[in-house]
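Peer 1: Pasted the sequence and its predicted model underneath.
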Amino acid sequence: MAFRTAPPTEDERLTVEFGPRAGTYGAGQIVTASLSHPVPASDPTSRARLERALQVTSEPAVEGAWHWVDDSTLHYRPRTYWPAHAVVRVRGGLDGVAFGDHLYGGPSETLQLAIGDRIEAVTDSAAHEMTVRRNGRVLRTIPVTTGKAGFRTRTGVKVVLGKEYQVRMRGDTVGIRPGTSEFYDLPVFYATRVTWSGEYVHAAPWSVEAQGEENVSHGCTGMSTQDAAWFFETVRVGDIVEVVNSGGRGDGAVRQRVRRLEPGLAGLAGGQRPGRWCAGPGRAAPAQPADVTPRSAAAVAAAAVAAQSWAIAVKARAAALS
């Protein structure tokens, strides 16, 4: 007598959704894999089987590895960075693979990414300047201010996670009480996010006199409105942003995860723990390709005036309360 096993239902199929969406990204961009069912750390056999099935290839070829963020999420990073102008292809390979009792792999959509020029922005907090390079050539050196004592900017390598023309930043989103001398409530322009915990590179017209001279921010990297607009237009999601000599801690958890790949990638794209930064934590939504309309000189000037006026008003209110 023969028995026929019923095909697995949708609830019994393990599928994967890759991110980010197709597009062009920077050399530091990670690949994400979101699973339809959790695969717990207590099942190392299934985890190893899944990692082997998730295939990442690139032209030119580079070495890389998956790591587990949680039971349902993996991140893939190359050993160093993607080469400029590489093409990255990601395939599931789960269909029909058994993962423990009553769970089988199902079909998943493939993903293809393009890597653009290699853009690197390195901020030396001790020198109060940022150097931006494209494919090794210096494009611009920018006077900046970073985190002051008590709010030191986190050291290490990060990547551009997103860009917002205007963001409202409030001190109470990062634990600073209203009415205290450190509290702020500001419209911030040309805000380029580099951590999900709220760290940005942005226009800071209220601190222009300090830029290039001293560190006075609450953890973000501030620069003139003109320089921030240029930076905003120059970088794309996945571009490399590094901070050195800040006196701030790096992210130990991320550093441990990537040490076996490349010690210099500590803090790279995702997994950052919340800290005391300019804005509150953001939701780690899948990154999207940059689609930014260039701003005119008049718009840049208007943004600077608006931010400066708001900053003056906030300082006046704080003085009245003190």
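Peer 2: Received the coordinates, thanks.

Peer 1: all contacts plus neighbour counts: C-alpha atoms, from now on.
Peer 2: Fine.

Peer 1: number of nearby residues for Gly150?
Peer 2: 10 (other Cα atoms under 10 Å).

Peer 1: Doesn't Gln226 lie inside a strand?
Peer 2: No. Per DSSP: H, G, I helix; E, B strand; the rest coil, Gln226 lies outside any strand segment and is helix.

Peer 1: Need the per-residue pLDDT for it.
Peer 2: Gln226 is assigned a predicted lDDT (pLDDT) of 97.

Peer 1: And it, how far from Trp196?
Peer 2: Distance, Gln226 to Trp196, by Cα to Cα, to the nearest Å: 25 Å.

Peer 1: And these two? Which one has more around it.
Peer 2: Trp196 (23 against 17).

Peer 1: helix, strand or coil for Pro107?
Peer 2: coil.

Peer 1: Please name the residues that touch it.
Peer 2: Counting by Cα atoms under 8 Å, 6 or more residues apart in numbering, Pro107 makes contact with Thr15, Gly92, Gly93, Leu94, Asp95.

Peer 1: With adjacent residues omitted, what lies nearest to the second one?
Peer 2: It stands for Gly92. Leu54 (4.9 Å; Cα to Cα, 6 or more residues apart in numbering).

Peer 1: where do the strands sit along the stretch 51-200 of the chain?
Peer 2: For the stretch 51-200 of the chain, applying DSSP state E, counting those that start in this stretch gives strands covering 55-59, 64-70, 73-78, 87-91, 104-105, 111-115, 119-124, 129-134, 137-143, 156-159, 162-170, 185-193, 200-203.

Peer 1: Burial-wise, tell me which of those strands comes out on top.
Peer 2: strand 200-203 (a mean of 28; mean count of other Cα atoms under 10 Å).

Peer 1: For Pro178, see how far away Glu120 is.
Peer 2: With Cα to Cα as the criterion, Glu120 and Pro178 are 36 Å apart.

Peer 1: Kindly report the same for Val237.
Peer 2: As judged by Cα to Cα, Val237 and Pro178 stand 33 Å apart.

Peer 1: So which of the two has more stuff around it?
Peer 2: Taking other Cα under 10 Å, Val237 and Pro178 do not tie; Val237 has more neighbours (24 against 14).

Peer 1: Got phi/psi on the spatially closest residue to that one that is not a sequence neighbour?
Peer 2: Distances taken as Cα to Cα, 6+ apart place Val160 nearest to Val237, at 4.8 Å, with adjacent residues excluded. Main-chain torsions, Val160, degrees, to the nearest 10: phi -70, psi 120.

Peer 1: check contacts around Val160.
Peer 2: Contacts for Val160 (Cα under 8 Å, 6+ apart) come out as Thr192, Arg193, Val194, Thr195, Val235, Arg236, Val237, Gly238, Asp239, Ile240, Val241, Ala269.

Peer 1: Show the buried residues in the residues you listed.
Peer 2: For those, a burial check counting by 16 or more other Cα atoms under 10 Å picks out Thr192, Arg193, Val194, Thr195, Val235, Arg236, Val237, Gly238, Asp239, Ile240, Val241, Ala269.

Peer 1: could I get those residues as TSV with distance to Ala203?
Peer 2: Shown next, in TSV, are those (distance: Cα to Cα, whole Å):
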residue	distance to Ala203
Thr192	9
Arg193	12
Val194	14
Thr195	17
Val235	15
Arg236	17
Val237	18
Gly238	20
Asp239	19
Ile240	19
Val241	16
Ala269	22
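
Peer 1: Thanks a lot, catch you later.
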